[in-house]
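Undergrad: Prediction below, plus the sequence it came from.
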Amino acid sequence: MNLSILIIEDEFLEAENLSIILKNAGHAVLGIAKSVDQAIGLINKSKPDIVLVDIVLKGDLNGIHLAHILNKKNIPFIFLSANSNATTLEQAIETKPYGFLVKPFREKELLIALNVAVYRYQKNIELISRQQKWLNGLLTSVIKMPGSKSDKILSLIRALTSFLPFDFIVIDTKLADKSDSVVYRYQRTGFDAYDKLDDKKKQSDGELNVADMNAARKKCNGSSNAHFLNGQDFIDTCALSPLLDKIRKTKKFTAVLWLPLLFRWDVDMGITFYRCGGERYTQDHLDLMVSMQDLLADVVDSIRKTSEDDGASEQFQPSKAPNQLLSPGIEGIIGNSPKLIEALDKVIQVAPFDNTVLILGETGVGKEGIVKAIHHLSPRKGRPLVKVNCAAIPVNLVESELFGHERGAFTGATERRVGRFEQANGGTLFLDEIGELPIEVQSKLLRALQEKEIERVGGRATIKTDVRIIAATNRNLLKEIAAGRFRMDLYYRINVFPIYLPPLRERREDIPALTEYFLQYYGRNIRAEAMSVSAAALNQLEDYSWPGNIRELQHLIERHVLQARSSRIEAFEMPDQMPGNEFIPTIEPEVKSYIEMDREHIISALKKANGKVSGRGGAAELLKLRPTTLTSKMKRLGITWPIANA
Ligand SMILES: Nc1ncnc2c1ncn2[C@@H]1O[C@H](COP(=O)(O)OP(=O)(O)OP(=O)(O)O)[C@@H](O)[C@H]1O
């Protein structure tokens, strides 16, 4: 694919070098800008397919400022950086770059990063457009649905929840200070549970009442344009008004997204979304909501016109067993912690579409349950869900397991065998423990994902496949890449939509509900009686670190139900606390691993050059770097002689 690329780099030689590499690879270089101002000028002349941005630039504005502008213009970018300052890197990651290269990088790495960034960008655009269509359908059905005001509001809130994270939502059916202005406020209290805040009641969490909330909201939403504020920006804006500041602190709000709605010029309406921690609002969230502005205005107007339902419940709460989730397909996933809810929201967002999903998390956190939920909530639910445990298949058989083999393909292949890809045709293929897949098979898997076709081992014919891939791993794949055990291009192909499931020790709020669930389950199945636990026993469970996560909790309860002398467990026999099998999620701190990779790359060049930095055959020559650049880089990365010679 030939791309039009813009380079933002203030080091002349580095920029020229990049330009030559890109042109040699068949890409068009639209220009080289040394500053953010120059970059904006060039972007306004012609829109590039992708921008390579150095983070540190001469002048007041740096690459991170430019990244925010590129996000608004919907132009993908890759950061190039030699700067390992933690704060800068954190800010850079928050702009959601499509790639990150730490200088010096190899030509091949640059070209792969470009390829992957464009692929991810296209997939993102596809997902957003599918989500728009889907949301459009949901909102249209809210307008058409019969029922009360509360039913309509619940349906609207449910539809929005799947696409935009929020902990608190305010729907204004009239913004102007008119007497019949009606405002609906709901606090999200669970995956599918919302509490309505009553206009007449004082709030239980302080002296804040609805009038306070209204006054503050008007200040916060001052602008008539849709916008969002996260983190420090949100704190700074709230600090301008003592009331706003108090509300932010009392309600623990961390971000806001405001969407004004205009309807036939005479009614001003709006929706405000608030977050209390968790994921931040992004330009993608705002773009999606803005694209729905007109339709949302129709929905809110239809709510305004629907008659009030007297005595309607103030809570939208699933009526099943406590903490049992209502959504079909998600049943059986127990818990109400914000971190689990965030993961489940992602499931709902991605399930209906064919996107590849990567599920990350320690062993026993419930990754397989998430895979099943995605499959059952997708249009492929009537088709097979085929699981391959990449860690459990002997290395020499993985290829034939995945792609099948022809008769006589190898010793022992006495029959033709259909592989998992073909078995999953029309359905979902779950590649569990993908981090364990032998590197030789990874390139074949990559091809199968890219071309959507496979070849059986020993066969010549290519076979078209139609499978949705969901992969899971409890390994840190970036570490695997750094160690040369996992292909970077495959990682980016599967890491299009990551879902991170946090370990149980980070969502201890879920322990009572999980305990109750397993007690009921094993009580019924093993002893045919209802089981319970004492408060002290529950405390034991809440205090433990759970290195084996939910699986470990499940097994512990099963064992105690089996051994219990009565229907009440007074105390658990707990395992000794062991250091956890710490899993570093591979979604956010990618940069650190790039730095690690970079470090290893330099060390391996130094080893190859027998520790020689400059001159013929030296590491600088191998890395195509100036010796002075290499030495300063080594200093920054903390590479010293003994390590280099190790
Ligand atoms: N939220 C939950 N509610 C109820 N049961 C759960 C939940 N999460 C996990 N479990 C149970 O815990 C056990 C382990 O879950 P699962 O096999 O999905 O974990 P995993 O992350 O895929 O582990 P591994 O990486 O070892 O394959 C299963 O029996 C599953 O039913």
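TA: Received, thanks.
Undergrad: Quick check: closest non-adjacent residue to whatever residue of the stretch 201-350 of the chain ends up closest to the ligand.
TA: Using CB to the nearest ligand atom, the closest approach of the stretch 201-350 of the chain to the ligand is made by residue 334 at 3.6 Å. In short, each C-beta sits where N, CA and C put it, glycine included. The shortest distance from residue 334 to any non-neighbouring residue, by CB to CB, 6 or more residues apart in numbering, is to residue 517 (4.7 Å).
Undergrad: What count of nearby residues applies to that neighbour?
TA: Burial of residue 517 is recorded as 20 neighbouring residues (other CB atoms under 10 Å).
Undergrad: repeat for residue 436
TA: By other CB under 10 Å, the residues close to residue 436 number 20.
Undergrad: Would you mind listing the buried residues in the top helix by length along the chain?
TA: With secondary structure taken from DSSP state H, the chain has its longest helix at helix 107-144. Using 16 or more other CB atoms under 10 Å as the test for burial, helix 107-144 gives 109-121, 123-124, 127-128, 131-132, 134-135, 138-139, 142-143.
Undergrad: and residue 601, which of the three is it?
TA: Three-state assignment for residue 601 (DSSP: H, G, I helix; E, B strand; the rest coil): helix.
Undergrad: give the contact list for it.
TA: By CB atoms under 8 Å, 6 or more residues apart in numbering, the contact list for residue 601 reads 106, 623.
Undergrad: Tell me the predicted confidence for it.
TA: Note on residue 601: pLDDT of 72.
Undergrad: returning to what we had before: what values do phi and psi take at the residue of the stretch 201-350 of the chain closest to the ligand?
TA: phi -100, psi 140 (degrees, to the nearest 10).
Undergrad: and the nearest residue to residue 463 once chain neighbours are set aside, what helix or strand is that in?
TA: Distances taken as CB to CB, 6+ apart place residue 454 nearest to residue 463, at 5.4 Å, with adjacent residues excluded. Under the criterion of DSSP states H and E, residue 454 resides in strand 453-455.
Undergrad: For that strand, buried residues please.
TA: Across strand 453-455, burial judged by 16+ other CB under 10 Å covers 454-455.
Undergrad: With stretch 274-281 instead?
TA: Here stretch 274-281 shows 274-276, 280-281 as buried, counting by 16+ other CB under 10 Å.
Undergrad: Can you give me the distance of the closest residue to the ligand within the stretch 51-200 of the chain to residue 155?
TA: Proximity of the stretch 51-200 of the chain to the ligand (CB to the nearest ligand atom) peaks at residue 191, 10.8 Å away. Residue 191 sits 16 Å away from residue 155 when distances are taken as CB to CB, to the nearest Å.
Undergrad: So which of these two has more stuff around it?
TA: A direct count of neighbours by other CB under 10 Å for residue 191 and residue 155 places residue 191 higher, at 23 against 19.
Undergrad: Report the contact partners of the closest residue to the ligand within the stretch 251-400 of the chain.
TA: Per CB to the nearest ligand atom, residue 366 is where the stretch 251-400 of the chain lies closest to the ligand, at 2.6 Å. Residues in contact with residue 366 (CB under 8 Å, 6+ apart) are 333, 501, 549-550.
Undergrad: Do I have it right that the residue of the stretch 201-350 of the chain closest to the ligand meets residue 513?
TA: Yes. At 5.3 Å, residue 334 and residue 513 qualify as touching, with contact defined as CB atoms under 8 Å.
Undergrad: circling back: please narrow the buried residues of stretch 274-281 to those residing in helices.
TA: Among the buried residues of stretch 274-281, no member falls in helices (DSSP H).
Undergrad: follow-up on the earlier one: let me know the next secondary structure element after the strand holding residue 454.
TA: Sequence-wise, the next helix or strand downstream of strand 453-455 (DSSP H and E) is strand 462-464.
Undergrad: so what secondary structure elements neighbour that following strand?
TA: strand 453-455 (3 or more CB pairs under 8 Å, 6 or more residues apart in numbering; DSSP states H and E).
Undergrad: which residues are contacting the strand it packs on?
TA: With CB under 8 Å, 6+ apart as the test, strand 453-455 has contacts from 402-404, 419, 421-422, 448, 461-465.
Undergrad: Paired strands for it, with orientation please.
TA: Taking DSSP bridges as the criterion, strand 453-455 sits next to strand 462-464 (antiparallel) in its sheet.
Undergrad: and the following helix or strand past the partner strand, average pLDDT?
TA: Per DSSP H and E, the first helix or strand lying C-terminal to strand 462-464 is strand 468-473. Averaged across strand 468-473, the pLDDT comes to 96.
Undergrad: per-domain residue ranges of the protein.
TA: For the chain, automatic domain parsing gives the domain ranges 4-124, 145-316, 351-495, 590-645.
Undergrad: Distance to residue 535 added to those domains, as a markdown table?
TA: Converted to a markdown table, those look like this (distance: least, CB to CB, whole Å):
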| stretch | distance to residue 535 |
| --- | --- |
| domain 4-124 | 41 |
| domain 145-316 | 23 |
| domain 351-495 | 26 |
| domain 590-645 | 41 |
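Undergrad: Can you flag the weakest of the ones you listed by average pLDDT?
TA: Among the domains of the chain, domain 590-645 carries the lowest mean pLDDT (a mean of 70).
Undergrad: Just give the nearest non-adjacent residue to residue 21, would you?
TA: Counting by CB to CB, 6+ apart, residue 107 is the residue found nearest to residue 21 once chain neighbours are left out, at 5.2 Å.
Undergrad: What of residue 534?
TA: The shortest distance from residue 534 to any non-neighbouring residue, by CB to CB, 6+ apart, is to residue 570 (4.9 Å).
Undergrad: wait, isn't residue 410 in contact with residue 417?
TA: No. Counting by CB under 8 Å, residue 410 stays clear of residue 417, with 11.0 Å between them.
Undergrad: Now for the two: what residues contact both?
TA: residue 400.
Undergrad: Pull the contacting residues for residue 372.
TA: residue 385.
Undergrad: Compute the distance between it and residue 514, please.
TA: Separation of residue 372 from residue 514 (CB to CB): 17 Å.
Undergrad: Residue 482 too?
TA: According to CB to CB, residue 482 and residue 514 sit 35 Å apart.
Undergrad: Stretch 362-379 spans what distance, first to last residue?
TA: End-to-end distance of stretch 362-379 (CA to CA, to the nearest Å): 29 Å.
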